[in-house]
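Trainee: sequence isn't available, so here's the structure alone:
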């Protein structure tokens, strides 16, 4: 029971962040209701994903971090290429992945 507390806490805080804080969020209309349901589903899915990611163990945790690093570096390299500079992207990605391994 004690080991489940952090998971429940994470999911609860993610769901608490979904509570609308503006007067406009309570405006009548089908569009608002649909948006609120979508927001709730997205928040709940995010909470489950983050909880399972955090408590998945070392390999799972580092694998997701490595994936984020590769995606972020690729985005950076694309911005650099648009400015006419050709970076050594293969070596950069290899080094980044090696850091996590």
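Mentor: Good, I have the coordinates. As the structure is a computational prediction, the values presented were derived from the model and not from experiment.
Trainee: from the contact counts, what lies against the helix or strand where residue 5 lies?
Mentor: Residue 5 is part of helix 5-16 when elements are defined by DSSP states H and E. Contact analysis of helix 5-16 by 3 or more CB pairs under 8 Å, 6 or more residues apart in numbering; DSSP states H and E lists helix 30-54 as its packing neighbours. Where you see a C-beta, it was placed from the backbone N, CA and C, and this is true even at glycine.
Trainee: what's the offset of the helix it packs on from the middle of its chain?
Mentor: Chain-centre distance of helix 30-54: 12 Å, with CA atoms, centre = their mean, to the nearest Å.
Trainee: give me the mean pLDDT for the helix or strand that that helix is followed by.
Mentor: Next along the chain after helix 30-54, taking DSSP H and E as the criterion, comes helix 58-82. When pLDDT is averaged along helix 58-82, the result is 89.
Trainee: helices and strands around helix 58-82, which ones?
Mentor: Helix 58-82 sits against helix 30-54, helix 89-100, with contacts defined as 3+ CB pairs under 8 Å, 6+ apart.
Trainee: now the weakest link among these, please, by mean pLDDT.
Mentor: Comparing those by mean pLDDT, the weakest confidence falls on helix 30-54, with a mean of 74.
Trainee: what's it packed up against?
Mentor: Packed next to helix 30-54, using 3+ CB pairs under 8 Å, 6+ apart, are helix 5-16, helix 58-82.
Trainee: how about the last one: buried residues?
Mentor: Within helix 58-82, the residues that qualify as buried by neighbour count (16 or more other CB atoms under 10 Å) are 64, 66, 73, 77.
Trainee: for the residue lying closest to residue 89 once chain neighbours are set aside, which residues are in contact?
Mentor: Nearest residue to residue 89 in three dimensions, chain neighbours excluded: residue 77, at 4.4 Å (CB to CB, 6 or more residues apart in numbering). Counting by CB atoms under 8 Å, 6 or more residues apart in numbering, residue 77 touches 87, 89, 92.
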